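A.B. asks: no sequence for this one, just the structure:
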DNA sequence: TCTTTTTTTGAAATATATTATCATTATCGC
DNA sequence: GCGATAATGATAATATATTTCAAAAAAAGA
Ligand SMILES: [Mn+2]
Ligand SMILES: [Mn+2]
Ligand SMILES: [Zn+2]
Ligand SMILES: [Zn+2]
């Protein structure tokens, strides 16, 4: 596969660090670093969207047509990245999970039920309260997810 | 279908009211009141669990074998009840939605990632904060869902 | 570098969840 | 009861996700 140019759009220090961490993680688990795994990570890094496995696959097929990346590899890699806490997934509404890079700071989601648009937010007070609730109920809290559904500003004007 | 005895386990005032409301809703929308719709509502009312369409279908087939209720009807009725805000659904982890009667007061969920057990809770402070966040971001809030994931007390002891 | 071992890949088959189609049956106002 | 309309169950179709497997690629070692 050495003839395929990856032609990365952006390679910030932050991304380089992420990639390095990923390589270390792979090595520690006797896994191999492949061009497929790299382009998936890179694509997640350069996307602001919340991507489905399907949409990620489409993007990759357009961007790297010679790679002929398979949908199974996208699913496998997203699972690996999620297990490794590098990406997080979001499942709401009807069908399918959506993935985003977890390297950005934790946040919750405001989802417009009209247009599907997603706004991100964090509230420290809520975050703290969640821990308190889990403690009180004898739960060892690992994670949480919270979605607020409503009509966004632009959809209200229609 | 008049030969089928429904043999309801419990018929509280609360349930009678729920049923009445459901009948009004159906009439207002030119929909018909059927025995299938009634037993699905009744089953949801008498269950403490968070039911999948599949598990609800199994329960109904055991309880009313002569009805030979179809899985498609279960899906259709759950969608209708959800659209009508009579039941709410919960989708987390991998596969499938889980439904519960929304007539009980609103609450959020603590989910054990080991055994799948679900604990319900409400926190007024968080509820209030969610509205404030939506307001601040110009969102007309309609609903929300929040899940805390962790290890329950009994799973921690194993 | 060449060789060997091990992992990963894409394609296709399979599994699972959900929805659509359609002929038949039930509901309900008259 | 009659007729108009809606709902049903069986089945097919679709969408989503996972498994299988032979071929290819990556890492390790010589
Ligand atoms: Mn997000
Ligand atoms: Mn609940
Ligand atoms: Zn919107
Ligand atoms: Zn548990």
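C.D. replies: That came through, no problem. On a predicted model such as this, the values are computed, not experimentally measured, just so you know. Numbering: from 1, shown residues only, chains lettered A, B, ... in the order given. Ligands and ions are numbered 1, 2, ... in the order given.
A.B. asks: any low-confidence regions in chain A?
C.D. replies: A:1-10, A:92-95, A:103-104 (pLDDT under 70).
A.B. asks: quick one, helices of it?
C.D. replies: When assigned using DSSP state H, the helices of chain A occupy the ranges A:13-28, A:35-45, A:53-63, A:71-83, A:124-136, A:153-157.
A.B. asks: find the nearest non-adjacent residue to residue A:151, please.
C.D. replies: If the residues on either side of it in the chain are set aside, residue A:151 comes closest to residue B:140, at 4.3 Å by C-beta to C-beta, 6 or more residues apart in numbering or on different chains. C-beta: built from backbone N, CA, C; applies to glycine.
A.B. asks: same question, residue A:51
C.D. replies: Spatially, and ignoring its direct neighbours in sequence, residue A:51 is nearest to residue A:99 (5.4 Å; C-beta to C-beta, 6+ apart).
A.B. asks: how near is the one you found to residue A:120?
C.D. replies: Distance, residue A:99 to residue A:120, by C-beta to C-beta, to the nearest Å: 14 Å.
A.B. asks: neighbour count winner among the two?
C.D. replies: Neighbours around residue A:99 and residue A:120, counted as other C-beta atoms under 10 Å in any protein chain shown, are more numerous at residue A:99. The numbers are 24 against 15.
A.B. asks: so that one makes contact with residue A:89?
C.D. replies: Yes: shown here, residue A:99 and residue A:89 form a contact pair, counting by C-beta atoms under 8 Å, at 5.1 Å.
A.B. asks: in space, not sequence, find me the middle residue of chain A.
C.D. replies: Most central in chain A under C-alpha atoms, centre = their mean is residue A:100, positioned 1.6 Å from the mean C-alpha point.
A.B. asks: give me the distance between that one and residue A:118.
C.D. replies: Residue A:100 sits 10 Å away from residue A:118, going by C-beta to C-beta.
A.B. asks: ok, the residue nearest to residue A:84 when sequence neighbours are not counted - contacts?
C.D. replies: Taking C-beta to C-beta, 6+ apart as the measure, residue A:84 lies nearest to residue A:25, with 5.6 Å between them; neighbours along the chain are not counted. When the contact criterion is C-beta atoms under 8 Å, 6 or more residues apart in numbering or on different chains, the partners of residue A:25 are A:31, A:84, A:86.
A.B. asks: go on, residue A:51?
C.D. replies: A:43-44, A:59, A:98-100.
A.B. asks: so which of the residues you listed is the closest to chain B?
C.D. replies: Distance to chain B, by C-beta to the nearest C-beta, is smallest for residue A:98 among the contacts of residue A:51, at 12.0 Å.
A.B. asks: residues contacting that closest one?
C.D. replies: A:50-52, A:89-91.
A.B. asks: now stretch A:102-118: buried residues?
C.D. replies: Judged by neighbour count using 16 or more other C-beta atoms under 10 Å in any protein chain shown, the buried positions of stretch A:102-118 are A:102-103, A:108-112, A:118.
A.B. asks: let's see which of those residues end up in strands.
C.D. replies: Where the buried residues of stretch A:102-118 overlap with strands, as defined by DSSP state E, the overlap consists of A:108-112, A:118.
A.B. asks: how about JSON lines for those, with distance to residue B:146 added?
C.D. replies: Listed next are these as JSON lines, based on distance: C-beta to C-beta, whole Å:
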{"residue": "A:108", "distance to residue B:146": "8"}
{"residue": "A:109", "distance to residue B:146": "11"}
{"residue": "A:110", "distance to residue B:146": "13"}
{"residue": "A:111", "distance to residue B:146": "13"}
{"residue": "A:112", "distance to residue B:146": "18"}
{"residue": "A:118", "distance to residue B:146": "16"}
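A.B. asks: one step back: quick one: buried ones out of the contacts of residue A:25?
C.D. replies: With burial judged by 16+ other C-beta under 10 Å, the buried subset of those is residue A:86.
A.B. asks: how about TSV for the contacts of residue A:25, with distance to residue B:149 added?
C.D. replies: Rendered in TSV, the data for the contacts of residue A:25 read as follows (distance: C-beta to C-beta, whole Å):
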residue	distance to residue B:149
A:31	26
A:84	17
A:86	18
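A.B. asks: correct me if wrong: residue A:140 contacts residue B:154.
C.D. replies: No: contact criterion C-beta under 8 Å: residue A:140 and residue B:154 do not qualify, at 11.6 Å.
A.B. asks: what about the two, which has more around it?
C.D. replies: A side-by-side neighbour count of residue A:140 and residue B:154, using other C-beta under 10 Å, places residue A:140 first with 15 against 12.
A.B. asks: can you name the residues that contact the more buried one?
C.D. replies: Residues in contact with residue A:140 (C-beta under 8 Å, 6+ apart) are A:134, B:150-151, B:156.
A.B. asks: near chain B, which residues of chain A show up?
C.D. replies: Taking C-beta under 8 Å from any C-beta of the partner chain as the criterion, the neighbours of chain B within chain A are A:91-93, A:110, A:112-113, A:119, A:121, A:123, A:125-126, A:129-130, A:133-134, A:137-153, A:156.
A.B. asks: thanks a lot, catch you later.
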